[in-house]
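Trainee: Would you be able to build a 3D model of this:
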Amino acid sequence: MEEENEQQEPAEELLAGKFKSVDALVRAYGELEAEFTRRSQRLKALEGEERKGARPVMDGEELYQAVSSDEGVKARVLGDYLASLKGVPLLSGAGVGVTAPPAAPKNIREAGAYALGYFRNNKS
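Mentor: As a prediction, the model looks like this:
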């Protein structure tokens, strides 16, 4: 019977399933803590590099000032905006409407109608 009891008891009892002694557990914990510190420092360094490369977020006024001071950006933004407008009559630089090509009368009757319309609209 004594032989059966001796066989059932393990020769060495393992701590936490895989450490032979308290010293081995403490040593493994120290190594784990050191690795965690190294990884935390590396992560912090990467986050710092990312912040340096990223542009700061601008509010509306800062963005307006930045665009207003750069003629190339201003022209591009305005050009994109005007291109997005469909079917809206555009004005020339002086605020005068864009004129249509002149319509030439095809006969004397059309010429008379144009002349009469001109005189009626331009009474001074």
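
Trainee: what comes up buried for the longest helix along the chain?
Mentor: Ordering each helix of the chain by length in residues (DSSP state H) puts helix 22-53 first. Across helix 22-53, burial judged by 16 or more other C-beta atoms under 10 Å covers no residue at all. All C-beta atoms are positioned from the backbone trio N, CA, C, and that covers glycine.

Trainee: Rounded mean pLDDT for it, please.
Mentor: Mean pLDDT, computed over helix 22-53, is 88.

Trainee: after it comes which helix or strand?
Mentor: Using DSSP states H and E, the helix or strand that follows helix 22-53 towards the C-terminus is helix 60-68.

Trainee: for that next one, the distance to its chain's centre please.
Mentor: 17 Å (C-alpha atoms, centre = their mean, to the nearest Å).

Trainee: what pLDDT, on average, does that helix get?
Mentor: Helix 60-68 comes out at a mean pLDDT of 82.

Trainee: right, and the helix or strand after it?
Mentor: Defined by DSSP H and E, the subsequent element after helix 60-68 is helix 71-84.

Trainee: quick one: that following helix to chain centroid distance?
Mentor: Taking the mean of its C-alpha atoms, helix 71-84 sits 19 Å from the chain's own mean (C-alpha atoms, centre = their mean).

Trainee: Give me the buried stretch members for whatever helix or strand comes next after that helix, please.
Mentor: Downstream of helix 71-84, the next assigned helix or strand under DSSP H and E is helix 108-121. Buried residues in helix 108-121, counted by 16+ other C-beta under 10 Å: none are found.

Trainee: Can you give the distance of helix 108-121 from its chain's centre?
Mentor: 59 Å.

Trainee: per-residue confidence averaged over that helix?
Mentor: 90.

Trainee: Need the residues that contact that helix.
Mentor: Ala103, Pro105 (C-beta atoms under 8 Å, 6 or more residues apart in numbering).
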